[in-house]
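# sharing a model that was predicted from the sequence below.
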Amino acid sequence: MRYLHGKLSGAGVLLWPVLLWIAAFALPLVSVALKAAGSVSELTGVIQSPYYRGVLGFSLKQAALSTLFSVLLGLPGAYFIGRHHFPGRKILRSISTVPFVLPSILAVLGFILVFGNSGLINYIRQSAFNGNKEPWKILYSLRAIILAHMFYNFPLTLRIVGDAWYSLPQSKYDAARSLGARPVKAFFTVDFPRLAPAILTSMVITFLYCFLSFAIILVLGGGPQFTTLEVEIYRLIKYQLDFSRGSGLAIVESITALGLLAVYASIDTVLRRRTADDENAVKIRTPGRISGWKTLPALLYLIPALFLIIAPLISIVVYSFLNRATRASGLHLSLTHWRILSGSTRVGVSVPLKAVIRTFILGISVAGITTFTAALAGWYTAHRKGSVVKLIETMLFIPMGVSTVILGLGYLILTNSIPGGKALRLAALTAAHTIMALPFAYRIISGRLKLISPRIPQAARASGAGPISAFFSVELPLARGAIVTAAVFSMALSAGELNATIILAPSGFTTITLAIYRLIGSYDLFGACALGTVLIVISIISFLTLDKYGEQTL
Amino acid sequence: MKPTRIFLLIEAVLLLLTHSLFAAGNTEKEQSKTLIVYCYDSFSSEWGAGPQIAESFLKENGINLIYNAPGDGVTVLNQLILEKENPMGDVVVGLDSSLLERTLDAEILDTYDSPALKNVPDELIFDTSYHLLPYDYGHFAICYDSEKLEVPPVSLEDLTSEKYSDSLILMDPRTSTPGLGFLLWTEAVYGDKWPDYWQRLKPSILTITQGWSQGYTLFTAGEAPMVLSYGTSPVYHAEYEDSKRYRAAGFSGGNPLQVEGMGIIKGTKNRREAELFIDFMLGEESQKTLALSNIMFPANAEVVLPESFNTALRPEKNITITNTTGNIDAMINRWTGVFSH
Amino acid sequence: MKTSALIFKSIEFRREGFYLRADNTFPAGKLTVILGPSGSGKTTLLDLAAGFLKPDRGSIMEGSQDVTSLSPEKRRVGVVFQDNALFPHLSVKDNVAFGPRARGMGRRQAGMVADRYLEMTRISRYAQKKPSSLSGGEKQRVSLARALAIEPEILLLDEPFSSLDASLRRDMRNEVRRIQRETGITAVLVTHDQEEALSLADYLTVMRDGEITQMGSPAELWNFPDNLFTALFLGRSTRLKIDKISILKSNLYSVETAAGSIWVEQEGEIPDLPATLIIRPENLRVSNSGKIRGTVIEAEYSGDQWKINLSVPGNSSDQIEFNCPDAAAPIIGDSVTLLHQPGSVRILPGVVS
């Protein structure tokens, strides 16, 4: 009876996350597994094929390179954002998350418009050289793949590490400085080890994203010489209906990803143990200003970094105002394509406003449920030890390592066995987005919760607050920055998600991303850009608002 | 505790919002007869023909159409195969000629020799067993930007010419229907020697995209002067943008024909309504709506088309391409082999 | 304020190589200090009392109520933590009002309670500030006010002054003493600082390796330690290994040590060998008629007197410590004989290893 109380409340807290995980993740996978009998025997064939080995090799190589460069680009940003006040800091923070929202097709468009053979950079270059130069071929190479992955993923480092930096206690750094360490030395001996878990987290998430990416790799790589496993899975499952071989490949992919996660988990444990201390971890350093010798490197970093994120976004916005329709007139400014918003489209339906509202409600629901779920799981893992904690942590990370094509197939199988109609489909859609966002949200939130001294919730308990109440009134507010970051990413992921949305959204339920995809599918690229602009503007405003709340002084 | 309450409140509001969403979606009247139509995503979308056809079908026959669109045509076929034992739908729209063999193998459709087929030319009836009936068609073609390309290519071989280096956007045959169509086209023209053709074509290819949407987006954004698309693509720009800038190149030797088909799902309990729907789809009103939304030629030859359709390619010859499951794997292997250096 | 004794009944608690036992009563309305070296289990004892940890065996009572299975929020125990554990996102007043609110009080009423305790701890003027802008001493006052605001029956203080500087520490000590007396609350304070322990405590206990060795008034523990650990941990002591004990008459013994043959007057049973002789420094003085001999190895000046250490030839673990007025202080290397009161010497079981 002694431990009954604690165990019961722990189990109660885990009930919801586990149920969600089973329903939205395990169930679809099991339903695929049931269809894919014999995939194990395919495994050997897959492993022995030199072609697939090459594909796996390239998947790993491009993911490793993309991760390296994304994190390298993100770290200085994390430093500036975590440790300094400067004009545009908040905007940078918020804008950097926008690529996450952008449907990949618009991201590709934005990229082409800036870096393409007839993009902005080449246009400027041509003008400078009187048009005599061959276009500078930036895209359609491994370099382009890495660049695009940087565009997508460096905000992860920027924000996850930036937030960690922001909440790093001052005293140790000061101690190191007072013992005579120069700032750089003090950083590497004191701050860096404590940032390492956050850096590692952003690295792993970035790696998995790049490892499973494929639309961008095909388009910007320029051809099938750049093929990832995910392309082959997509082909086999979707176009060949070859479930057993497709699943075989997916298993190889997942095992690779999970192997990586296992390595990550053990390194993470070591890192956290090494930097664990009894410190309160709430004495926050006051950010300084960028001045003196820091100005030049800050500008040298911030300007290109901003260019990398903002230029593709801006070009989509500008493009939506262009009209290049008639042969005689060429490109000129026009509001023609914004008709789409007023509803006077060729089919005469006003979709976009509804789509905006639906995207929003869906995004908020997903963000709410995701952070809630992540917080519950985070509470459990921050307060307990042992094998259950490890199990939960693994469970919540696995979804990152599983191909969305497989998961999509699972949903496809499930949705027709539950005929429940719109309500169920919407619930399934929300659940699918939640399970995709959960690994992030959990990492971000639990990372912060683990830094809170156990004495703080104990103080609340002794004051008369129950375990759940103490969590909500004390620990969660302390992890507010992390919660907001998690919510922002969840919302962004939901808003930009396409694959599950297409399968699960009931007819008539159109999100902005879905509308953009359909507009492009019906030739209306400019209308899609107009809608893309709306998406960009709304995201920036919402992220700014959210971030403002998250950054209120502690 | 206050913060707890706030959090619970937020959760409650969220659930309420989500539920009101469901409710909003569920207000459709269910008393009239309904027919469940499986279709690809762009058919049922706001910019597709679906909503308009549903409206007039309800008016004319008093039957509600409910669309189930899980993705593109291939996904629709996948779903039909997955739920073969326990079919939920009545009719399917959007399985094209390249999916014929797989559709027939799966035995998911019933036959229906619609009387409305009398207005459809014989060459479009790609399934002589009448499982899949044609409703519109087009041709795979290379579209070009007339402002950038003075002289369009005239044949597949012409595409390999040096003046077109880095000028062509293709789609990946592994992940897209037009991409696969093009690969089969080269096989139809060059027979067993098609890999050599691709070897020669390589310098002309700027990039190979995952799907048609990305490829056409790149093309419209001005990244390359040529793209693999449809012979009817120029119609859109003529009809909705009043522009004749983008054109389709007719190739000597002809272009591959792509016909989109529909059929009655085996096991439907609404056979009569399903037949009504198929006939209705082939009627003049629906055919015109389909032509203008899908930017494809209507199957019904009696339909009078808008002037914009004069910009569409009428190839000198229809090439028939066949997609037989057996050889695809081997072809894809050889195809990736071409690019492996 | 209602007060109850805190009672540990046959408590056992085991964690990875650590074993705590306790079977003690912390008297109602008194301030009991637990003194012990770090790692002795002091904080664990408090965590058990607060309900943060659950014992493996035994029960914990608050007065007549068994609270063993109650979670912290169900007990009426206020805790002041070593690192104060204030809620950094709440103002000082909200920190103090947190407990009353959590226990169901309305906002206004909780505010009034908070104001009362802010006043008692003399920090009303910081009510609206965030904890991060306060000094260490102020933070501990807030922490104290927060613990008291739930009007607990028992107040636990875990090294509350350890992060404060010397003068602030003295002030806070007096403050805690005053408030404890004012409220008459049962308080248990944990510290490793013996000066603090001796000056504050109504009752003093010494902990070692998860066990309370002795409990009593500070004077009792000081003058009549019943074990070697308490005797040595509490202040400086002369310690001499006993070679032989002979009874002279009832309660009077002659004890052979390397430093000489010493008379001891001790009531009750005398422990068997091995045993050690303990003498407090204030009970030794230099005298030619003394029986205790040694050589000065250390002499430390402390203003009013010298603290002298002698070594004893023949037994390196023996040590003699005494205080000596300025004028008569021997210097290092001198041979000295010391006189003692037989009644001030204790024979305790065990030897210093």
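Looks like it came in fine. Computed from a prediction, not measured in an experiment: that's the story for all the values here.
# quick one: A:Ala374 and A:Ala486 touch, right?
Yes. Using CB atoms under 8 Å, A:Ala374 is in contact with A:Ala486, at 6.1 Å. In short, each C-beta sits where N, CA and C put it, glycine included.
# find the residues that touch each one of the two.
Residues touching both A:Ala374 and A:Ala486 (CB atoms under 8 Å, 6 or more residues apart in numbering or on different chains) are A:Ala441, A:Ile444, A:Ile445.
# near chain B, anything from the helix or strand encompassing the second one?
A:Ile444 belongs to helix A:422-449 when assigned by DSSP states H and E. Yes. Legend: contact between helix A:422-449 and chain B by CB under 8 Å from any CB of the partner chain is shown at A:Lys422, A:Ala423, A:Leu426, A:Ala427, A:Thr430.
# which ones are touching B:Lys288?
Contact analysis of B:Lys288 by CB under 8 Å, 6+ apart lists B:Pro298, B:Val303, B:Leu305.
# distance of C:Val336 from C:Ile297?
Relative to C:Ile297, C:Val336 is positioned 11 Å away (CB to CB, to the nearest Å).
# okay, and the common contacts of the two?
In contact with both C:Val336 and C:Ile297: C:Leu310, using CB under 8 Å, 6+ apart.
# count of neighbours near C:Gln109?
12 (other CB atoms under 10 Å in any protein chain shown).
# verify the stated contact: it with C:Ala97.
No. Judged on CB under 8 Å, C:Gln109 makes no contact with C:Ala97 at a distance of 9.3 Å.
# just the helices in the stretch 1-150 of chain B please.
In the stretch 1-150 of chain B, the helices defined using DSSP state H, counting those that start in this stretch lie at B:2-26, B:41-44, B:50-61, B:73-82, B:100-106.
# mind checking the pLDDT average for stretch C:139-151?
Stretch C:139-151 carries an average pLDDT of 89.
# that one near chain A at all?
Yes. Counting by CB under 8 Å from any CB, chain A is contacted by stretch C:139-151 at C:Arg146, C:Ala147, C:Ala149, C:Ile150.
# neighbour-wise, which one of those leads?
C:Arg146 (34 neighbours).
# helices of the stretch 151-300 of chain B, start to end?
Going by DSSP H, counting those that start in this stretch, the stretch 151-300 of chain B shows helices at B:177-190, B:194-201, B:212-220, B:233-240, B:271-282, B:284-294.
# just say which of the ones you listed is most tucked in.
The highest mean neighbour count among these, using mean count of other CB atoms under 10 Å in any protein chain shown, belongs to helix B:212-220: a mean of 24.
# coming back round to it: possible to save the residues of helix A:422-449 next to chain B as a markdown table with pLDDT?
A markdown table is the format used below for the residues of helix A:422-449 next to chain B (pLDDT from 0 to 100):
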| residue | pLDDT |
| --- | --- |
| A:Lys422 | 73 |
| A:Ala423 | 77 |
| A:Leu426 | 84 |
| A:Ala427 | 85 |
| A:Thr430 | 90 |
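# may I see the contacts of B:Lys288 arranged in a markdown table, with pLDDT as well?
As requested, these are exported to a markdown table (pLDDT from 0 to 100):
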| residue | pLDDT |
| --- | --- |
| B:Pro298 | 95 |
| B:Val303 | 93 |
| B:Leu305 | 91 |
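# where strands are concerned, which of the residues you listed count?
Judged by DSSP state E, the contacts of B:Lys288 include B:Pro298 as members of strands.
# go ahead and build a ChimeraX selection from the buried members of the contacts of B:Lys288.
Buried residues among the contacts of B:Lys288 (16 or more other CB atoms under 10 Å in any protein chain shown), as a ChimeraX selection:
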select /B:298,303
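# does A:Ala36 touch A:Ser247 like I think?
Yes. Using CB under 8 Å, A:Ala36 is in contact with A:Ser247, at 3.7 Å.
# so for those two, which sits in the more crowded spot?
A:Ser247 (28 against 22).
# wait, doesn't the more buried one sit right on A:Leu409?
No. With contact defined as CB under 8 Å, A:Ser247 does not reach A:Leu409; the gap is 9.0 Å.
# now the helices for the stretch 151-300 of chain C?
Using DSSP H, counting those that start in this stretch, helices in the stretch 151-300 of chain C cover C:166-183, C:194-200, C:218-223, C:228-233.
# repeat that for the stretch 251-400 of chain A.
A:295-320, A:339-342, A:352-383, A:387-397.
# buried deepest among those helices, which one?
helix A:352-383 (a mean of 24).
# related to what we said a few turns ago, closest one to chain C out of the contacts of B:Lys288, please.
B:Pro298 (66.3 Å; CB to the nearest CB).
# so the closest one versus B:Gly71, what's the distance?
Per CB to CB, B:Pro298 is found 24 Å from B:Gly71.
# ok, C:Ile245 next?
96 Å.
# ok, which residues in the stretch 101-250 of chain A are in contact with chain B?
Within reach of chain B by CB under 8 Å from any CB, the stretch 101-250 of chain A has these residues: A:105, A:108-109, A:112-113, A:116-119, A:137, A:139-140, A:214-215, A:218-225, A:227, A:231-232, A:234-235, A:238-241.
# residue contacts, the residue of chain C found nearest chain B?
Chain B sits closest to C:Ala102 of chain C, with a gap of 6.2 Å, by CB to the nearest CB. Each residue near C:Ala102 by CB under 8 Å, 6+ apart is listed here: A:Ala460, A:Ser463, A:Gly464, A:Ala465, A:Ser469, A:Ser473, B:Met1, C:Glu73.
# pLDDT value on the fifth one, please?
Residue-level confidence at A:Ser469 comes out at 84, pLDDT.
# before we move on, which element is it in?
Per DSSP H and E: helix A:467-470 holds A:Ser469.
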